[in-house]
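**Student:** this one's structure only:
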């Protein structure tokens, strides 16, 4: 507890600022609150208590600890729902005065990301209900909802839609702020208990909850926390993300003698007196087999394959010292070692073994298939070429000079570490995210740092000196020699890594296929159900055809209709480099031939200039829009109109200045590509 003078707050802020440079250090306990998180807690606590002196000190500490102006504004907006408008407005006024004073003193604070406004026509009640279900983990409601249903509507539409839908803060950060506020005053134990459970559900650790209560909580909140932790399943040791009754733990040695640990997934109706096709599944960079590789292995086993997900040497449950180092040659060797193991199982047909690599595992699987002809078919999902990424950066943004500087630093580190200096590690995925982090980083964080896929077997850290041998890794140098064995490259349309799959596909020899999942990001393909419904059947068809000799039936007599429910459609905001203004894309369905989606434009919003390799048909379903071909006149379109864009014709389309507009789009695909994006419309 702090007194009204705010002196202790100032001391805490100073201490936080002093340790900030070490916030991303491997030595930091990931179970403890970061300086940034402590600042969120302090600000939220002072708002609900009305402690303006303490609040000003908390503001200064938050800005010093990396919170942007817009992130602090967002805390103040959210607190209107928990502390009431009067105290929220008092806090806003105090913050405004502080920012103006700092500006006058020559202090320039980071503004940060702008909030997002839900598109016109959004069903805010449903949107809010979905957000609440995601946070709580189920769709249950309190008894108050039946007694006063209006308050439940207000919660869904105002708090969980209008406020949570604004972005800027993560769900975890918003929940941290709520817990800090509720724990700071007496009489809110019932609400605090519920939000402690939500905190655990969104990835806050028990130790972090204890830190919040110790920092700002009243005495009664400690008792509520003890009770919550004692009775919460989320606070107990984690369960693996890939769950199957037909899984066997196995071990085998690679050529170097390192013991590799794996999970062998079996079809439910397996008869071990028979021979089966098998698939080796390699995990992501700094990941483990309990995450997406295990999930893919489990799901493909349910479709009739024997699958083996394994931990790479030096990672997870596999052997090898030192831990958490990246050695590309051995990562490739581990694929072959997995084939060694499968080839010697009496129920496996050694001539029917395939491989899948996910993310970084994709590059390793390609390199393995190039030199191990026992791999009869290879597929990648969201592939990363880790060598190119380390040499040139994501998107080829690192210049030659910077790469040379990195190698100079690694050389010095090796010398010093050999001489006894502690090893320098870095995180594959940051332990915390800030306003400066990209959407791509936030997606990785959401996967690896929350209950969605967080594993006790990896914290994603690895030795910094690993980056040198990674720079020397060229997975596609012999990719053409995989032929005549087939290769399949699966990538998300929005994936920052898609260009790796594009490059691999262009270099590979036939038979090959690039399968682009419309509207999907890199991480979406790891585990999102709406995308697994697309990729898993594609993988099963690929391996059935190329390992088992089974071609999916093409006859209309054997085909089945497919009903696609609206609840399964994937929604996303239009990317800023592809759209101007507020745009929502609702992906409906896709195939190798075409994709379908509902695109909703706010007033004045539009696409960038673009072409379609095989053409596109749009049907206007509401509002007023505009279309223009390069060099042509702008044409108005209204509900009921349809527009055909021929292949290769440069054009844009969007809403009129004073009207929103929605249209269905049927886009035809050529060589895995549905659209070629160009510059924004000026």
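**Tutor:** In hand now; what should we look at? What you are looking at is a predicted structure, and each value in this text was computed from that prediction instead of being measured.

**Student:** quick one: low-confidence residue ranges for the stretch 251-400 of the chain.
**Tutor:** Nowhere does the stretch 251-400 of the chain drop to pLDDT under 70.

**Student:** for the chain, same thing?
**Tutor:** 1-31, 138-144, 231-245, 551-562, 565-570, 589-592, 671-672.

**Student:** need the longest strand for it.
**Tutor:** strand 616-629 (DSSP state E).

**Student:** show me what contacts residue 445?
**Tutor:** Residues near residue 445 by CB atoms under 8 Å, 6 or more residues apart in numbering: 170, 429-430, 433, 437. Bear in mind the C-beta positions are built from the backbone N, C-alpha and C, glycine included.

**Student:** what strands line up against the longest strand of the chain, and which way round?
**Tutor:** strand 635-638 (antiparallel), strand 642-645 (antiparallel), strand 651-655 (antiparallel), strand 661-668 (antiparallel) (DSSP bridges).

**Student:** the stretch 551-682 of the chain: strands as residue ranges?
**Tutor:** 570-573, 579-580, 583-590, 594-601, 606-607, 610-611, 616-629, 635-638, 642-645, 651-655, 661-668, 676-677 (DSSP state E, counting those that start in this stretch).

**Student:** closest one to residue 498 among the ones you listed?
**Tutor:** Ranking the strands of the stretch 551-682 of the chain by distance to residue 498, with CB to CB as the measure, places strand 676-677 first at 11.7 Å.

**Student:** which secondary structure elements does the closest one sit against?
**Tutor:** In terms of contacts (3 or more CB pairs under 8 Å, 6 or more residues apart in numbering; DSSP states H and E), strand 676-677 is packed against strand 610-611.

**Student:** what helices or strands is the strand it packs on leaning on?
**Tutor:** For strand 610-611, the packing partners by 3+ CB pairs under 8 Å, 6+ apart come out as strand 651-655, strand 676-677.

**Student:** nearest to residue 68, out of those strands?
**Tutor:** Across those, closest to residue 68 is strand 676-677 (CB to CB), at 28.9 Å.

**Student:** follow-up on the earlier one: distance to residue 388 added to the strands of the stretch 551-682 of the chain, as a markdown table?
**Tutor:** Shown next, in a markdown table, are the strands of the stretch 551-682 of the chain (distance: least, CB to CB, whole Å):
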| stretch | distance to residue 388 |
| --- | --- |
| strand 570-573 | 27 |
| strand 579-580 | 28 |
| strand 583-590 | 28 |
| strand 594-601 | 28 |
| strand 606-607 | 30 |
| strand 610-611 | 26 |
| strand 616-629 | 32 |
| strand 635-638 | 43 |
| strand 642-645 | 34 |
| strand 651-655 | 32 |
| strand 661-668 | 29 |
| strand 676-677 | 22 |
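
**Student:** now those in CSV, with distance to residue 338 and mean neighbour count?
**Tutor:** Conversion of the strands of the stretch 551-682 of the chain to CSV gives the following (distance: least, CB to CB, whole Å; neighbours: other CB atoms under 10 Å):
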stretch, distance to residue 338, mean neighbour count
strand 570-573, 32, 16
strand 579-580, 43, 21
strand 583-590, 31, 20
strand 594-601, 34, 22
strand 606-607, 45, 23
strand 610-611, 42, 18
strand 616-629, 43, 19
strand 635-638, 55, 14
strand 642-645, 46, 15
strand 651-655, 48, 23
strand 661-668, 38, 20
strand 676-677, 38, 13
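
**Student:** for the helices and strands packed on strand 610-611, which one sits closest to residue 521?
**Tutor:** strand 676-677 (15.2 Å).

**Student:** and the closest one, how far out from the chain middle?
**Tutor:** 24 Å (CA atoms, centre = their mean, to the nearest Å).

**Student:** same question, stretch 401-415
**Tutor:** Distance, centroid of stretch 401-415 to centroid of chain: 30 Å (CA atoms, centre = their mean).

**Student:** other residues contacting it?
**Tutor:** 391-392, 421, 424, 464-465, 467-468, 471.

**Student:** residue 349: which of the strands of the stretch 551-682 of the chain is closest?
**Tutor:** strand 583-590 (32.4 Å).

**Student:** correct me, but residue 325 touches residue 464?
**Tutor:** No. Using CB atoms under 8 Å, residue 325 is not in contact with residue 464, being 10.1 Å away.

**Student:** what's the closest of the helices and strands packed on strand 610-611 to residue 114?
**Tutor:** Nearest to residue 114, of all the helices and strands packed on strand 610-611, is strand 651-655, at 20.1 Å by CB to CB.

**Student:** pick out the residue nearest the middle of this structure.
**Tutor:** residue 443 (2.5 Å; CA atoms, centre = their mean).

**Student:** now the helix or strand containing that one: how far from the chain's centre is it?
**Tutor:** Using DSSP states H and E, residue 443 sits within helix 439-448. Centroid displacement of helix 439-448 relative to its chain, using CA atoms, centre = their mean, is 4 Å.

**Student:** same check on stretch 675-682?
**Tutor:** On CA atoms, centre = their mean, the centre of stretch 675-682 falls 25 Å from that of its chain.

**Student:** can you tell which of the helices and strands packed on strand 610-611 is closest to residue 455?
**Tutor:** Comparing the helices and strands packed on strand 610-611 by CB to CB, strand 676-677 comes nearest, at 35.5 Å.

**Student:** mind listing what that closest one pairs with, with the direction of each?
**Tutor:** Sheet partners by DSSP bridges: for strand 676-677, these are strand 610-611 (antiparallel).

**Student:** pull up the distance across stretch 450-462, start to finish.
**Tutor:** 19 Å (CA to CA, to the nearest Å).

**Student:** I meant to write stretch 319-333 there.
**Tutor:** Start-to-end, stretch 319-333 (CA to CA) is 14 Å.

**Student:** and stretch 513-523, by the same measure?
**Tutor:** For stretch 513-523, the end-to-end distance is 21 Å (CA to CA).

**Student:** buried ones in that stretch?
**Tutor:** 513-523 (16 or more other CB atoms under 10 Å).

**Student:** how about stretch 81-99?
**Tutor:** For stretch 81-99, by 16+ other CB under 10 Å, it's 81-83, 87-88, 90-92, 94-95, 98-99.

**Student:** next one: stretch 372-389
**Tutor:** So, applying 16+ other CB under 10 Å, buried residues of stretch 372-389: 372, 375-389.

**Student:** show me the residues you listed that map onto helices.
**Tutor:** 386-389 (DSSP state H).

**Student:** how about the helices in the stretch 201-350 of the chain?
**Tutor:** 206-216, 219-231, 292-302, 328-343 (DSSP state H, counting those that start in this stretch).

**Student:** of those, which approaches residue 268 most closely?
**Tutor:** Per CB to CB, nearest to residue 268 of the helices of the stretch 201-350 of the chain: helix 292-302, 7.3 Å.

**Student:** compute the inter-axis angle for that closest one and helix 439-448.
**Tutor:** Put simply, helix 292-302 runs at 60 degrees to helix 439-448, going by axes from the mean of the first three to the mean of the last three CA atoms, to 10 degrees.

**Student:** how far off centre is helix 292-302?
**Tutor:** 19 Å.

**Student:** for that helix, packing partners?
**Tutor:** By 3+ CB pairs under 8 Å, 6+ apart, helix 292-302 packs against strand 259-265, strand 276-282, strand 306-310, strand 348-358, helix 524-527, helix 529-547.

**Student:** tell me the most buried of those?
**Tutor:** strand 306-310 (a mean of 30; mean count of other CB atoms under 10 Å).

**Student:** who does that strand pair up with?
**Tutor:** strand 259-265 (antiparallel), strand 276-282 (parallel).

**Student:** could I get the ones you listed as a markdown table with distance to residue 193?
**Tutor:** Shown next, in a markdown table, are the strands paired with strand 306-310 (distance: least, CB to CB, whole Å):
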| stretch | distance to residue 193 |
| --- | --- |
| strand 259-265 | 37 |
| strand 276-282 | 41 |
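
**Student:** that concludes my questions; thank you for your assistance.
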